[in-house]
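**Q** Any chance you can model this:
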Amino acid sequence: MDSSAITQLIQEHASVVTLLHYGETSSYITIFLLLCVGLFYSALLVGIDRKDRRITWYIPLVWFLLSMSRIRHVPIFAMMAVVGIAEMFPYCRWVRSLGKKG
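**A** Residues are numbered from 1 along each chain as shown. Model prediction:
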């Protein structure tokens with residue numbers, strides 16, 4: 001898995017940074033969406049009190065880190081993040097305060 005030949009021959013084993021280096025147009029969209037979803041997920045997680053956090057909400061962060069190493073992990077991170085965001089949304093402080101304001 002650490003061989004550079006694999007990342008050059010099989011695109012799904014390449015990292016997002018490697019695809020950016022090659023100038024793939026789709027990699028720009030992928031890295032943009034990956035960072036946006038990752039930042040939104042992190043903002044939700046930070047906005048939740050420690051006593052309300054669940055250990056399962058940290059699983060998408062592991063997939064986020066893995067998706068930086070291999071492009072094949074990005075869809076798994078996206079699915080896990082959407083499920084995590086749906087579960088975390090009601091517990092986030094800033095979401096509650098925006099809801100109170102209407």
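**Q** Who are the packing partners of the helix ranked longest in the chain?
**A** Across the chain, the longest stretch assigned as helix under DSSP state H is helix 25-46. For helix 25-46, the elements it packs on are helix 16-22, helix 59-69, helix 74-88, judged by 3 or more Cβ pairs under 8 Å, 6 or more residues apart in numbering; DSSP states H and E. Every C-beta, even on glycine, is put in place using the N, C-alpha and C of the backbone.
**Q** where does this protein have low pLDDT?
**A** 1-14 (pLDDT under 70).
**Q** related to what we said a few turns ago, what would the helices and strands packed on helix 25-46 look like in CSV with mean neighbour count and distance to residue 51?
**A** Output for the helices and strands packed on helix 25-46, formatted as CSV (neighbours: other Cβ atoms under 10 Å; distance: least, Cβ to Cβ, whole Å):
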stretch, mean neighbour count, distance to residue 51
helix 16-22, 15, 35
helix 59-69, 18, 19
helix 74-88, 17, 14
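**Q** okay if I get those as JSON lines plus distance to residue 98?
**A** Shown next, in JSON lines, are the helices and strands packed on helix 25-46 (distance: least, Cβ to Cβ, whole Å):
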{"stretch": "helix 16-22", "distance to residue 98": "32"}
{"stretch": "helix 59-69", "distance to residue 98": "22"}
{"stretch": "helix 74-88", "distance to residue 98": "14"}
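**Q** Residue 43 is nearest to which of the ones you listed?
**A** Checking the helices and strands packed on helix 25-46 against residue 43 by Cβ to Cβ gives helix 74-88 as the closest, at 10.2 Å.
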